[in-house]
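Q: take a look and give me a structure for this.
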Amino acid sequence: MYPDSVKNLIEAFKYLPGIGEKTAERLAFSILDLDEDQVSLFSESLVEVKNKIHPCPNCNTYTDQDICSICSDITRDKSTLCVVEDTKNVFLFEKLGMFHGVYHVLSGLISPLDGINPEDIGIDKLIDRIKNEHFKEVIFAFKPSIEGETTSLYIKRILDGMGVKVTRLASGVPMGADMEYVDSLTLERALYDRKEIE
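A: Next up, the predicted model:
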């Protein structure tokens, strides 16, 4: 029922995660309400981000520079490495402004059920970097899930005997949560990571 150009735009929006038919239609009609300059900026931004953004050769964080701004920052603590599953997590930590070390971004988490094995997520590159850059501490900042746990244990096993301290983010019951709605894995981790009240 839509003109072909509108249908094509709707289909294009559906490539994005979480965008279904209704949302895609709403976005397409929002584009029709924009003026020409706004549409030009929108389309140019899409092309520019696809052409200019690439993984940092050192840490895999998305950047538009040869080396990302974090890796090239001489004020960062180069003895502490935070390992995350995707670049969005790097930006999340950076917004908090509390971590001053460096990062390494994997290409996801190990998930044998989904056919994702250690070699699929770039663990070899991570291990080479840890060996070459002599970190004192490696922090695993993965989501608290079976995949996150599997990936942590797999890498920890490889790092045993390398003289590097391996830690992970604390996890447990969120503030304000109703205990009856907390899943069993979160409760188990909260109990395991319990701390003395001071």
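Q: may I see the buried residues of the helix or strand harbouring V47?
A: Element membership for V47 (DSSP states H and E) is helix 36-52. Buried residues in helix 36-52, counted by 16 or more other Cβ atoms under 10 Å: none are found. Just so you know, the C-beta spots here come from the backbone N, C-alpha and C atoms, and that holds for glycine as well.
Q: after it, which helix or strand is next?
A: strand 54-55.
Q: may I ask which helix or strand of the protein has the lowest mean pLDDT?
A: helix 184-192 (a mean of 76; mean pLDDT, DSSP states H and E).
Q: sorry, back to before: average model confidence for the helix holding V47?
A: The pLDDT scores in helix 36-52 average 95.
Q: I'd like to know which elements that helix is packed against.
A: Applying 3 or more Cβ pairs under 8 Å, 6 or more residues apart in numbering; DSSP states H and E, one finds that helix 36-52 contacts no other helix or strand.
Q: for it, what is the distance to the chain centroid?
A: 24 Å (Cα atoms, centre = their mean, to the nearest Å).
Q: any chance you could list what contacts it?
A: 31, 34, 64 (Cβ atoms under 8 Å, 6 or more residues apart in numbering).
Q: how about residues contacting the strand or helix carrying the first one?
A: Same thing as I31. Taking DSSP H and E as the criterion, I31 maps to helix 21-33. The contact list for helix 21-33 (Cβ under 8 Å, 6+ apart) reads 6, 9-11, 13-14, 19, 39, 42.
Q: and of these, the nearest to M162?
A: For the contacts of helix 21-33, the residue nearest M162 by Cβ to Cβ is I19; the value is 43.5 Å.
Q: from E85, how far off is that closest one?
A: I19 is 22 Å from E85, where distance means Cβ to Cβ, to the nearest Å.
Q: ok, the two, which is more surrounded?
A: More crowded of I19 and E85, by other Cβ atoms under 10 Å: E85, with 19 against 15.
Q: related to what we said a few turns ago, would you turn the contacts of helix 36-52 into JSON lines with neighbour count and distance to F140?
A: Formatted as JSON lines, the contacts of helix 36-52 follow (neighbours: other Cβ atoms under 10 Å; distance: Cβ to Cβ, whole Å):
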{"residue": "I31", "neighbour count": "14", "distance to F140": "41"}
{"residue": "L34", "neighbour count": "12", "distance to F140": "43"}
{"residue": "D64", "neighbour count": "12", "distance to F140": "28"}
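Q: distance to G115 added to these, as JSON lines?
A: Listed next are these as JSON lines, based on distance: Cβ to Cβ, whole Å:
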{"residue": "I31", "distance to G115": "37"}
{"residue": "L34", "distance to G115": "41"}
{"residue": "D64", "distance to G115": "32"}
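Q: what is the nearest of the residues you listed to A170?
A: D64 (33.7 Å).
Q: and T87, how many neighbours?
A: Quick note: T87 (other Cβ under 10 Å) scores 19 neighbours.
Q: which residue, other than its chain neighbours, is closest to it?
A: Spatially, and ignoring its direct neighbours in sequence, T87 is nearest to Y62 (4.7 Å; Cβ to Cβ, 6 or more residues apart in numbering).
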